[in-house]
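**Student:** the following comprises the amino acid sequence and a computationally predicted model.
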Amino acid sequence: MKVVAFNGSARKNGNTALMIEQVFDVLKAEGIETELISLAGQDIKGCLACNKCVESQNRRCAAITDDPVNEYIAKIDEAQGVILGSPVYFATLSSSLKVLIDRAGKVAKVNGDMYRRKVGAAVVAVRRAGSVLTFDTINNFFLISQMIIPGSSYWNTGIGHAPGDVSDDAEGMRTMKTLGENMAWLIKKTAS
């Protein structure tokens, strides 16, 4: 069993990464393998709406092959669980995470809903506002992909501004721990 997480923050080791690692600590303790991929500094390109993936139906983006998105699509396909993490930028998710959602989502839909019944969880780092829209946007990707979303003790958000600040948000970090517990339970239940 494996969970792959994508950190959509421009800060590789910022608050979003800290929250994902909090979830990972629980998953690892439950015997679930984890992998964290940072989108920081990566030159990933937006969907061209060319529909070449509809024609090829080979579980890959057929138009853009010179960035790592096809590798990421395969990693999501192979995993039992997915975490998509983002800070809030101008009231919503980061552009790099949105690019991943757009391209991976399109490829998954045209290939028989290839992420169907995987477990998906959103993790959102916020300074002040926009966390609910970011959380909803990520969850909409999971829902349209027919994935299963575990709950937690609150929305999966943590409050902080400077890197590391989220560690002082006790409720946010507890929420990540509970998310990890519920995600591990759900992955184990759906694996059988």
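**Tutor:** Perfect, I can see it now.

**Student:** can you give me the helices in the chain?
**Tutor:** 15-29, 52-56, 69-78, 95-110, 131-144, 170-191 (DSSP state H).

**Student:** what's the weakest-modelled helix or strand in this structure?
**Tutor:** Lowest by mean pLDDT, DSSP states H and E among the helices and strands of the chain is helix 52-56, with a mean of 94.

**Student:** so what touches it?
**Tutor:** Contacting residues not belonging to helix 52-56 are listed as 60, 61, 62, 63, 106, 107, 110, 111 [C-beta atoms under 8 Å, 6 or more residues apart in numbering]. Where you see a C-beta, it was placed from the backbone N, CA and C, and this is true even at glycine.

**Student:** please, a PyMOL command that selects the buried ones among these?
**Tutor:** Burial among these is assessed by 16 or more other C-beta atoms under 10 Å; the matching PyMOL selection reads:
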select buried, resi 60+61+62+106+107+110+111
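
**Student:** related to what we said a few turns ago, quick one, which of the helices of the chain gets closest to residue 88.
**Tutor:** Closest to residue 88 of the helices of the chain is helix 131-144 (C-beta to C-beta; 5.1 Å).

**Student:** quick check: the closest residue to residue 148 other than its chain neighbours vs residue 155, distance?
**Tutor:** Closest residue in space to residue 148, ignoring its immediate chain neighbours: residue 119 at 5.3 Å, by C-beta to C-beta, 6 or more residues apart in numbering. Using C-beta to C-beta, to the nearest Å, one gets 17 Å for the distance from residue 119 to residue 155.

**Student:** which of these two has more neighbours?
**Tutor:** residue 119 (26 against 18; other C-beta atoms under 10 Å).

**Student:** my guess is that one contacts residue 80. True?
**Tutor:** Yes - using C-beta atoms under 8 Å, residue 119 makes contact with residue 80 at a distance of 6.5 Å.

**Student:** identify the contacts common to the two.
**Tutor:** Common neighbours of residue 119 and residue 80 (C-beta under 8 Å, 6+ apart) are 3, 187, 190.

**Student:** just those: which has the poorest pLDDT?
**Tutor:** Least confident entry in those, by pLDDT: residue 190, with 92.

**Student:** what sits against it?
**Tutor:** 80, 117, 119, 148.

**Student:** how about stretch 71-87, which residues are buried there?
**Tutor:** Quick answer for stretch 71-87 (16+ other C-beta under 10 Å): 72-73, 75-77, 79-87.

**Student:** what do you get for stretch 49-61?
**Tutor:** Under 16+ other C-beta under 10 Å, the buried positions of stretch 49-61 are 53, 59, 60, 61.
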